[in-house]
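Asks: sequence unknown, structure follows:
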């Protein structure tokens, strides 16, 4: 007997804590949010965004360095794949995305990944506020 089933295009979800992708163009603020989320038990990946300035340590823009994702570098394409309408490994693996990159970035994320919870925050958002919003997004 043949049975029709629907297969989700989302990657297989592994056991473990939820993965939060933090998109922030300020390295210190992004790291502070990542630290607060890790202390709460979340896995965290960071993206400095397509418009971030060059890293003073390397002289390379984050577009050229790629996105550090659990010790593995994803594409080093000089253009943000989501803004170009393409897929992004980091977003696809994330359980929730926290973005402080502004409307252009969030509009592209919502269009490409409508089912991925998105928490939009101001660049200077307090960690406690972000944690509340992440918990709310994951509970929905």
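Replies: Arrived safely, thanks for sending. Every value quoted in this text rests on a predicted model; they were computed, and no experiment measured them. Numbering: from 1, shown residues only.

Asks: contacting residues around residue 111?
Replies: With contact set as C-beta atoms under 8 Å, 6 or more residues apart in numbering, residue 111 has no partners. All C-beta atoms are positioned from the backbone trio N, CA, C, and that covers glycine.

Asks: Quick check: residue 43 touching residue 15?
Replies: No - assessed by C-beta atoms under 8 Å, residue 43 is found out of contact with residue 15, at 11.6 Å.

Asks: ok, the two, which is more surrounded?
Replies: More neighbours surround residue 43 than the other of residue 43 and residue 15, with 18 against 4 (other C-beta atoms under 10 Å).

Asks: ok, the more buried one to residue 129 distance?
Replies: Distance of residue 43 to residue 129, computed by C-beta to C-beta, to the nearest Å: 20 Å.

Asks: May I see the buried residues of stretch 36-45?
Replies: The neighbour-count check on stretch 36-45 (16 or more other C-beta atoms under 10 Å) flags 36-37, 42-45 as buried.

Asks: go on, stretch 16-29?
Replies: 18-27, 29.

Asks: Which members of those occur in strands, if any?
Replies: Secondary structure from DSSP state E places 19-23 of the buried residues of stretch 16-29 in strands.
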